[in-house]
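>>> One predicted model, sequence on top.
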Amino acid sequence: MKRIISLLILIVLSSCDPGVVNKFVVENRTQSDIKIESILEYGRRNISDKDSIKTMKLRPQSESLIVEYGEIGTAIDKGLNFLEGIDTIIVKKENGILNKNIFDRENWKFKILKSGLFTMDEVEYKLILTDNNFE
């Protein structure tokens, strides 16, 4: 009986696909408000979302989660494909034009927030914007 229970537990645990939650955070280190618009790809949106376009205003010296979505995978850096689930990101500042390439992976800091056998992995990509990033 113990062998059957052990075998069933092994089958259940080995048949599950690993999942990861990707979080994209923007930190505003400027002296002005920043407006961020984002759109997830069609298959990544929540059914409960009223609108596919998310707009948020970031106050100076603050940070906020702009996009979050889950997928099958593990807590690893996707490299150049890190924005594959995001259709559009637009960053605007009232008194300047962004000169930092937000689509370049080198401009985002990667961090594993949570990883484990019995939990969904969580990773974070963080974009830090300063006054020097705007003309």
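Arrived safely.
>>> next helix or strand past the helix or strand of the chain with the lowest mean pLDDT?
One helix or strand of the chain scores below all others by mean pLDDT, DSSP states H and E: helix 2-14, with a mean of 67. Sequence-wise, the next helix or strand downstream of helix 2-14 (DSSP states H and E) is strand 19-28.
>>> Pull up the pairing partners for the helix or strand following that next one, direction included.
The helix or strand immediately downstream of strand 19-28 is strand 34-40, counting by DSSP H and E. In the sheet, strand 34-40 lines up against strand 53-58 (antiparallel), strand 86-93 (antiparallel) (DSSP bridges).
>>> and for the helix or strand just after the longest one, what are the contacting residues?
Sequence-wise, the next helix or strand beyond strand 86-93 is strand 108-114, with elements assigned using DSSP H and E. Among residues not part of strand 108-114, those counted as contacts by Cβ atoms under 8 Å, 6 or more residues apart in numbering are 23, 75, 77, 82, 120-128. C-betas here are computed from N, CA, C, even on glycine.
>>> Now the phi/psi pair for residue 84, please.
phi -60, psi -30 (degrees, to the nearest 10).
>>> can you tell me which residues contact it?
Residue 84 touches 41, 78, counting by Cβ under 8 Å, 6+ apart.
>>> Return the distance of residue 55 relative to residue 20.
26 Å (Cβ to Cβ, to the nearest Å).
>>> With residue 41 instead?
16 Å.
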